[in-house]
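Visitor: Dropping a prediction and its sequence here:
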Amino acid sequence: MNNSLFRSRINWNVWVPPLIFLAFLILEKEIFGTYYSSWIYGLVLCLYGILYSLRYRLWQPAIVFCLAGITLWHYTLAAHFTVALSMLSPLGFHIDPGVVQNPFSMGLWLANLLIFLVTLPVFGPAVIKAFKLELSAKKLFGIAAQTVSSASDGFTSRPFHAGNMEYSKDQFAGFAQFLAGHMIVHPVFTESGTYLTFSMGKSPLAIHESSEVSYVAADHSGILTVHIAAWDYKRFRKELTFDQFCESMGMVFRRYMNYYLNNQENRIITELKST
């Protein structure tokens, strides 16, 4: 089964939307002398943050992206207040710029910008980590899907036994930390074992129980179990047999564990990058 069967969402490159926005803004300013692009792009940023917060169940994306949108709006009002008032005329709002004092000064905007810049290193890492974990989850599911040959629906919420491996507790802990360091999974350590959590929906960073997302779990005796969350499986339900899907996911992690035990960790990164 090839990757064309994997219904992945579009992952925008970070730099593409700002460049498109700047291009439209320059053209709009030169041709029409207006700044509607700023308002639209600011709205897109706010909606983007809210939607990702709802999907990830994290509040940080909403804070970062909404504050970015508000900062952009604030600049447009501070630098082009008179034009902004005239832009309201097509909407039926007629305000005389001569009788309205601009309350959005550049000084206030600089304070707004400072707040945004301080917010970025505080909340930004959680947003970036959530994005990277989702991207890694898509790759993991894509790799597991390649070896599933049948297509019957059979979802169950129960964990699937995925075989046994020989490893020490410290070895598996090191393996989990390696995957976490490369933002491939989010490990959860318990007294009974380790859960390597990942998901294309709710972020592993937001969970209270490992069962809320997909995971591969390993207990201290070497038994591996796989749990595929309903949200993740729905992306495949017309294409992949559930048990085979779970078994294939277990094989992926057993292979990665063998790479780690044989000091071939780079093969994990290479395989994921090539997906």
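Guide: Alright, I've got the coordinates. Everything numeric in this text was worked out from a predicted model, so none of it was measured.

Visitor: ranges for the strands of the stretch 51-200 of the chain?
Guide: Assigned by DSSP state E, counting those that start in this stretch, the strands in the stretch 51-200 of the chain fall at 160-164, 186-189, 193-198.

Visitor: mind checking how far the closest residue to Met87 other than its chain neighbours is from Trp109?
Guide: Nearest non-adjacent residue to Met87, counting by Cβ to Cβ, 6 or more residues apart in numbering: Thr34, 5.5 Å away. Just so you know, the C-beta spots here come from the backbone N, C-alpha and C atoms, and that holds for glycine as well. Thr34 sits at a distance of 19 Å from Trp109 (criterion: Cβ to Cβ, to the nearest Å).

Visitor: mind checking how far the residue nearest to Met87 is from Leu85?
Guide: Thr34 sits 12 Å away from Leu85, going by Cβ to Cβ.

Visitor: picking that back up, mind giving me JSON lines with the strands of the stretch 51-200 of the chain and columns for distance to Ser248 and mean pLDDT?
Guide: Formatted as JSON lines, the strands of the stretch 51-200 of the chain follow (distance: least, Cβ to Cβ, whole Å; pLDDT from 0 to 100):
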{"stretch": "strand 160-164", "distance to Ser248": "9", "mean pLDDT": "85"}
{"stretch": "strand 186-189", "distance to Ser248": "21", "mean pLDDT": "94"}
{"stretch": "strand 193-198", "distance to Ser248": "14", "mean pLDDT": "94"}
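
Visitor: Deepest in the core, which of these is it.
Guide: Across the strands of the stretch 51-200 of the chain, the average number of neighbours (mean count of other Cβ atoms under 10 Å) peaks for strand 193-198, which reaches a mean of 24.

Visitor: Which secondary structure elements does it sit against?
Guide: Strand 193-198 sits against helix 106-145, helix 169-181, strand 186-189, strand 214-219, with contacts defined as 3 or more Cβ pairs under 8 Å, 6 or more residues apart in numbering; DSSP states H and E.
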